[in-house]
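Visitor: give me the fold of what follows.
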Amino acid sequence: MEEKKIETALYLIPVTLGETEINQVLPSYNHDIIVNIKHFIVENIRSARRFLKKVEKSIDIDELTFYELNRHTDRKFIGQYLDALRDGKPVGIISEAGCPAIADPGADVVAIAQQKGYKVVPLVGPSSIIMSVMGSGFNGQSFAFNGYLPVEIPQRIKALKKLEAKVWNDDQTQLFIETPYRNAKMFETIVGSLKPNTKLCIAAGITCAEEYIKTKTVAQWKKEKLPDLGKIPAIFLIGK
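Guide: You can find the predicted model right below:
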């Protein structure tokens, strides 16, 4: 493993979206950056170590310093994770899937880095949000990611109808996600609540062997059985 001096910066390091081969979705340039970083801010230390070994088997994990950043992290300590930058050492951010800081707690660290004037370098990699829009056939000029919708059905239906109104009134594609084991229930609620001519795209397992991306009207979906997506991360998109 060849190590070299790289620019002091906060590097946003994308990871695979599943058990996809590294060389299928990540450029070799990312490898050259990763092997020269000793400080990592990660969502989960165990999975981050596994990813780093997948990138380069010869990486000595014991030489690395990890800072965990997730919903349990006390936000007042996040700034300290960037102390290595102050000392002239590069720092990397690794999320659980896809691109750091996109629907991800890494955004908090990036905001602090920007405030402190550190250089921020986003690396190329797969984003399920962007790739689902690409594959949907919906408006890619204007779209919004809404995260999780309410769990309670009445509130969920209300939220869906509000998003549907944005689709038709503003021609804005609307994206949202659900916990995989609730995908089927989400599908049922969507097709039971929205207009027959509103279009729904289901984008699941993006870049993986089980990849599934299909767009149909709600009326068409009602005639079709949804494939088993119980354990597969999916993005739901509505458009026209």
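
Visitor: middle-most residue in the protein, spatially?
Guide: G98 (4.3 Å; CA atoms, centre = their mean).

Visitor: who's that residue bridged to?
Guide: In this entry, G98 is beta-bridged to V15, by DSSP bridges.

Visitor: got the contact list for it?
Guide: When the contact criterion is CB atoms under 8 Å, 6 or more residues apart in numbering, the partners of G98 are 14-15, 17, 104, 125-129. In short, each C-beta sits where N, CA and C put it, glycine included.

Visitor: if we use 6 Å, what do you get?
Guide: For G98, the contact set (CB atoms under 6 Å, 6 or more residues apart in numbering) comprises 17, 126-128.

Visitor: by neighbour count, which of those residues wins?
Guide: The most crowded member of these, judged by other CB atoms under 10 Å, is S128 (24 neighbours).

Visitor: that one touches T207, doesn't it?
Guide: No: counting by CB atoms under 6 Å, S128 stays clear of T207, with 8.2 Å between them.

Visitor: hey, what's in contact with both of the two?
Guide: L17.

Visitor: hmm, back to that, nearest to I202, of the contacts of G98?
Guide: Distances from I202 to these, taken as CB to CB, are shortest for S128 (12.3 Å).

Visitor: what residues are up against the nearest residue to the closest one once chain neighbours are set aside?
Guide: Among residues not flanking S128 along the chain, I206 sits closest, at 4.9 Å (CB to CB, 6 or more residues apart in numbering). Going by CB under 6 Å, 6+ apart, I206 touches 17, 128, 131.
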